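Trainee: From the sequence below, what's the structure:
(chains A and B)
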Amino acid sequence: AQSVTQLGSHVSVSEGALVLLRCNYSSSVPPYLFWYVQYPNQGLQLLLKYTSAATLVKGINGFEAEFKKSETSFHLTKPSAHMSDAAEYFCAVRDNAGGTSYGKLTFGQGTILTVHP
Amino acid sequence: DGGITQSPKYLFRKEGQNVTLSCEQNLNHDAMYWYRQDPGQGLRLIYYSQIVNDFQKGDIAEGYSVSREKKESFPLTVTSAQKNPTAFYLCASKDRGGFTDTQYFGPGTRLTVL
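Mentor: Numbering: from 1, shown residues only, chains lettered A, B, ... in the order given. As a prediction, this is how the structure comes out:
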């Protein structure tokens, strides 16, 4: 079974600083990986996804993530944080083993990003 | 505009009562999902449905029930058998076609047991 670990339940950065949110996954076969963002009392919005094409994936709002198979990681980065980036971020893995197609996702525990002025 | 709607946004329930959360989508998606979100635990899958009149248990189905009579609707009932129902509930949908298709989420319903 696949699993996702997000290192750090809370990350705090200053406005303009680098944002780095860590995600490590466990999967028996090459996974599909996703980053979602959630603002308070709202649903989840897709930031970006990796589906075995380019290992560096660019998403919305200036975010990007790099798939590193050797490290089983899919860390999310943004060069310069903005106040509007303050939210909770979730990494998720979809295991495509066995040909299933119902799209089950396994989520990490989430990382709350705080941006200080 | 296409999207997923959930109602109500806030719901209060007395212990021992069943309540039903609504989820409607006009994206023409085949697959629909219900997740439960608790602080620090991420999202956990309750039930999912790939097509009309079919649904499967997820990881934490006990105390919940669903129906899928129409493609656009996937209501979730939280029964009195659910011992700790206070949580944020999220509905999602996905086109059943390909592996790379994305799940799209509704705005959520926050359920509080009084």
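Trainee: Check for me that A:Asn61 belongs to a strand.
Mentor: No: judged by DSSP: H, G, I helix; E, B strand; the rest coil, A:Asn61 forms no part of a strand; its state is helix.
Trainee: which residues does it contact?
Mentor: Residues counted as contacts of A:Asn61 (CB atoms under 8 Å, 6 or more residues apart in numbering or on different chains) are A:Val37, A:Leu47, A:Lys78, A:Ser84, A:Asp85. For glycine as for every other residue, the C-beta is placed from the backbone atoms N, C-alpha and C.
Trainee: Can you list the strands that the strand or helix carrying B:Tyr35 pairs with?
Mentor: Following DSSP states H and E, one finds B:Tyr35 within strand B:31-37. Each strand paired with strand B:31-37, and its direction, by DSSP bridges: strand B:43-49 (antiparallel), strand B:87-94 (antiparallel).
Trainee: Dump the ones you listed to a markdown table, plus mean neighbour count.
Mentor: Converted to a markdown table, the strands paired with strand B:31-37 look like this (neighbours: other CB atoms under 10 Å in any protein chain shown):
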| stretch | mean neighbour count |
| --- | --- |
| strand B:43-49 | 22 |
| strand B:87-94 | 24 |
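Trainee: ok, the residue most central in space within chain B - contacts?
Mentor: Among the residues of chain B, the one closest to the centroid is B:Trp34, at 2.8 Å (CA atoms, centre = their mean). Residues in contact with B:Trp34, defined by CB under 8 Å, 6+ apart, are B:23, B:45-48, B:58, B:64, B:66, B:74, B:76, B:89-92.
Trainee: Same question for B:Ala92.
Mentor: Listed by CB under 8 Å, 6+ apart, the contact set of B:Ala92 reads A:Leu44, B:Ile4, B:Met32, B:Tyr33, B:Trp34, B:Tyr35, B:Gln103, B:Tyr104, B:Phe105, B:Gly106.
Trainee: distance of the second one from B:Leu27?
Mentor: Just to be clear, that refers to B:Ile4. Going from B:Ile4 to B:Leu27 by CB to CB, to the nearest Å gives 7 Å.
Trainee: Ok, the fifth one next?
Mentor: Computed with CB to CB, the distance linking B:Trp34 and B:Leu27 is 16 Å.
Trainee: Chain B: strands as residue ranges?
Mentor: Remark: strands assigned in chain B by DSSP state E are B:4-7, B:10-13, B:19-25, B:31-37, B:43-49, B:56-57, B:64-66, B:76-78, B:87-94, B:104-105, B:109-113.
Trainee: Would you convert those into CSV that also reports mean pLDDT and distance to A:Thr106?
Mentor: As requested, the strands of chain B are exported to CSV (pLDDT from 0 to 100; distance: least, CB to CB, whole Å):
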stretch, mean pLDDT, distance to A:Thr106
strand B:4-7, 95, 21
strand B:10-13, 92, 27
strand B:19-25, 96, 21
strand B:31-37, 95, 11
strand B:43-49, 93, 8
strand B:56-57, 92, 16
strand B:64-66, 97, 19
strand B:76-78, 97, 20
strand B:87-94, 95, 14
strand B:104-105, 92, 15
strand B:109-113, 94, 22
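Trainee: could those strands go into TSV alongside distance to A:Ser26?
Mentor: Shown next, in TSV, are these (distance: least, CB to CB, whole Å):
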stretch	distance to A:Ser26
strand B:4-7	30
strand B:10-13	35
strand B:19-25	30
strand B:31-37	20
strand B:43-49	17
strand B:56-57	23
strand B:64-66	27
strand B:76-78	29
strand B:87-94	23
strand B:104-105	24
strand B:109-113	31
